[in-house]
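Engineer: Provided below are the primary sequence and the corresponding predicted coordinates.
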Amino acid sequence: MLMAKRPLTVEERRTSKRPTTEDTTDKVALDEIFASWLTEKVYGRRTTQVEECGVQYLVKMRLQPRPTLEGYIAHVEAAHPNAKGMLGTVWNKLKQFFSTEEGLVYEDIESMTDIQAFVTAFQGERFLNNHKPTAPELSADEAWMLPSGACVDDIVSQYVRTLNRESALHSCIIDSPTTILDLFSDPEEKAALAEVLVNREGESTKLISPAEEAYMRLYDKEPTKMKELLSQGWQVGSESQEQVPESFRESIHLALHLIYVVYRSNRFQLPENASESFFVQTLWGFISTLVQCDETLLFRPAEVHSQASSLRKNKGRRMEDASRQAVGRKVDGLILSASTLLELCAFEAARKDAAPQGTKALSDSCKLAKVMKDSFDTICDRANTDIRSHLVVYGVRIAGASITFYSLRKRRGRCYQMVKDGTVSFPAKWDDTNTITILTIVASVMALRRRVSHMAKQVGEWTTLSFELLDTSNSACIPPTLTTPPGSPRRSTLS
């Protein structure tokens, strides 16, 4: 009776001699044996050129000098410059193989010179992470150093540890330059910080042209005369129509009409102790109307969860976690890019800043800053290049009849800065002396819409893959398939 052959143990396989290597000492022949064995064991019989190139590097480095991750990357990129997406996969598969029991047997290469030293050196190299660094990871490798040698990141981090309440600085957001300047005593350090945080040269741009300002001043009338102008339609002021875009005139007329209706229904004065919904949905409702008039933007009103905030909260969530996904921070409105659906502006609203609402307004400002930063990082992750120095995310905080505009930009190191661009309030009573205030509010909202619309177009370019169209001169030709099904018509009949 024939007995089944007992499989060799790991030790027996390691100590057994293989005729493929003991019969030759030629280095070229040994390298060919090593490459063939390693390729078949790791990648199988069908391999790509990048996988073969990675194996060739290990074969080349099996003697001194030993293989290194940097040398592997340089070797593969020299032969295949466009193979960056496969570098990590090829390298990590090789490392994982030599970490298994099968890889430690070495089989046909056992008699090679100093193979154990090669494997030990290769196992000591780190794995290659192939993912694109996120915005926080890029910032973590940089430091905001002042000319004196002081590190702003470290000093701000030490200050944050002393705070007993949550603040924007916990997310590396500078919302008060004075607070940061007070942490430094050297005049040169203060001047270097002020150059970045206070001066902000080139960041303030005027978006309303003189012709548009002149057109808006046509509405600088008392409420009774304003009614007559509004009844004429947006074509009022024919002498300036040629210089002012039609869309601008329509938007101004629509916004003033909505505001006029609110004041007229309350005898041209704001009601006392009005609810938050009155201010957000009624008084400031013209904002959503103006935003929706722009084809590049989308407006999501009322209580809405920030998708960017949700992505940040669930970034470290593992597949085996049984808990539900965390929802993002809830805000009172969002402006998104219509083409990419990325968040560009967030809204927070409160009934007023004073009395019991003061604490809520303070927490809303902190939440608004963090939502803006989440939106900033999400857009950077989606971008094809590093856009941190060009991207701007906007925020709006409504407190009763007041509105404050914010913008968030990336500074040096890990720091962001949330800048207050301006605050303006509706008058408690509308008379012939304060119509210009209402016009200023409308102009500020129009400027915000233009800023966000311009940024939406840029974000669309940054996050869209660019490619060259292929030559379509032979587009009428149908390429043959691997196997043609029986009964198929001839290709000539399909053209």
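Structural biologist: Perfect, thanks for sending it.

Engineer: In three-state terms, how would the residue lying closest to Ser288 once chain neighbours are set aside be classified?
Structural biologist: In space, Ser288 comes closest to Phe299 once its chain neighbours are excluded; the distance is 4.8 Å by C-beta to C-beta, 6 or more residues apart in numbering. Every residue, glycine included, has its C-beta placed from N, CA and C. Secondary structure, DSSP: H, G, I helix; E, B strand; the rest coil: Phe299 is strand.

Engineer: Tally up the residues packed near Phe299, please.
Structural biologist: Neighbourhood size, Phe299 [other C-beta atoms under 10 Å]: 18.

Engineer: wait, it sits on Ser337?
Structural biologist: No - Phe299 lies out of contact with Ser337 (C-beta atoms under 8 Å); the separation is 11.5 Å.

Engineer: so what sits against both of those two?
Structural biologist: Residues touching both Phe299 and Ser337 by C-beta atoms under 8 Å, 6 or more residues apart in numbering: none at all.

Engineer: picking that back up, OK, contacts around the residue nearest to Ser288?
Structural biologist: Contacts for Phe299 (C-beta under 8 Å, 6+ apart) come out as Ile287, Ser288, Val291, Gln292, Gly333, Leu334, Ile335, Leu336.

Engineer: List the beta-bridge partners for it.
Structural biologist: Here Phe299 sits in beta bridges with Ile335, going by DSSP bridges.

Engineer: can you tell me how far it sits from Ala194?
Structural biologist: 37 Å (C-beta to C-beta, to the nearest Å).

Engineer: now Gly233
Structural biologist: Applying C-beta to C-beta, the value for Gly233 to Ala194 is 49 Å.

Engineer: When the two are compared, which one has more neighbours?
Structural biologist: A count of neighbours by other C-beta under 10 Å puts Ala194 above the other of Gly233 and Ala194, at 14 against 11.

Engineer: ok so, going back, and which of the contacts of Phe299 is nearest to Arg45?
Structural biologist: Checking the contacts of Phe299 against Arg45 by C-beta to C-beta gives Leu336 as the nearest, at 49.5 Å.

Engineer: Pull the number of nearby residues for the closest residue to Lys410 other than its chain neighbours.
Structural biologist: Setting aside the residues directly before and after it, Lys410 is nearest to Arg388 in space (C-beta to C-beta, 6+ apart), at 4.3 Å. Neighbourhood size, Arg388 [other C-beta under 10 Å]: 18.

Engineer: the domain parsing of the chain - what is it?
Structural biologist: With domains defined by automatic domain parsing, the chain comprises 10-124, 135-199, 210-309+329-462.

Engineer: which sections of the stretch 201-350 of the chain are below the confidence cut-off?
Structural biologist: 201-202, 204, 234-242, 316-324 (pLDDT under 70).

Engineer: Can you check which helix is longest in this structure?
Structural biologist: Ranked by number of residues, the top helix in the chain under DSSP state H is helix 435-462.

Engineer: check contacts around the closest residue to Asp294 other than its chain neighbours.
Structural biologist: With C-beta to C-beta, 6+ apart as the criterion, Asp294 has its nearest non-adjacent residue at 5.2 Å, and that residue is Ser453. Contacts for Ser453 (C-beta under 8 Å, 6+ apart) come out as Asp294, Thr296, Leu297.

Engineer: related to what we said a few turns ago, now the contacts of Phe299 as JSON lines including distance to Asp220?
Structural biologist: Shown next, in JSON lines, are those (distance: C-beta to C-beta, whole Å):
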{"residue": "Ile287", "distance to Asp220": "21"}
{"residue": "Ser288", "distance to Asp220": "25"}
{"residue": "Val291", "distance to Asp220": "25"}
{"residue": "Gln292", "distance to Asp220": "27"}
{"residue": "Gly333", "distance to Asp220": "29"}
{"residue": "Leu334", "distance to Asp220": "33"}
{"residue": "Ile335", "distance to Asp220": "28"}
{"residue": "Leu336", "distance to Asp220": "34"}
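
Engineer: Pick the one among those residues closest to Lys313.
Structural biologist: Taking those together and measuring to Lys313 by C-beta to C-beta, the closest member is Leu334, at 16.6 Å.

Engineer: Report the contact partners of that closest one.
Structural biologist: Going by C-beta under 8 Å, 6+ apart, the list of residues near Leu334 reads Phe299, Arg300, Val304, Ser306, Glu343, Cys345, Ala346, Phe347.

Engineer: so the last one touches Asp332, yeah?
Structural biologist: Read it as Phe347. Yes - Phe347 is within contact range of Asp332, at 4.8 Å (criterion: C-beta under 8 Å).

Engineer: Could you pull out the strands in the chain for me?
Structural biologist: Per DSSP state E, the chain carries strands over the ranges 173-174, 297-305, 330-337, 343-350, 393-399, 402-410, 416-425.

Engineer: out of these, deepest packed?
Structural biologist: Neighbour counts (mean count of other C-beta atoms under 10 Å) averaged over each of the strands of the chain peak at strand 343-350, with a mean of 26.
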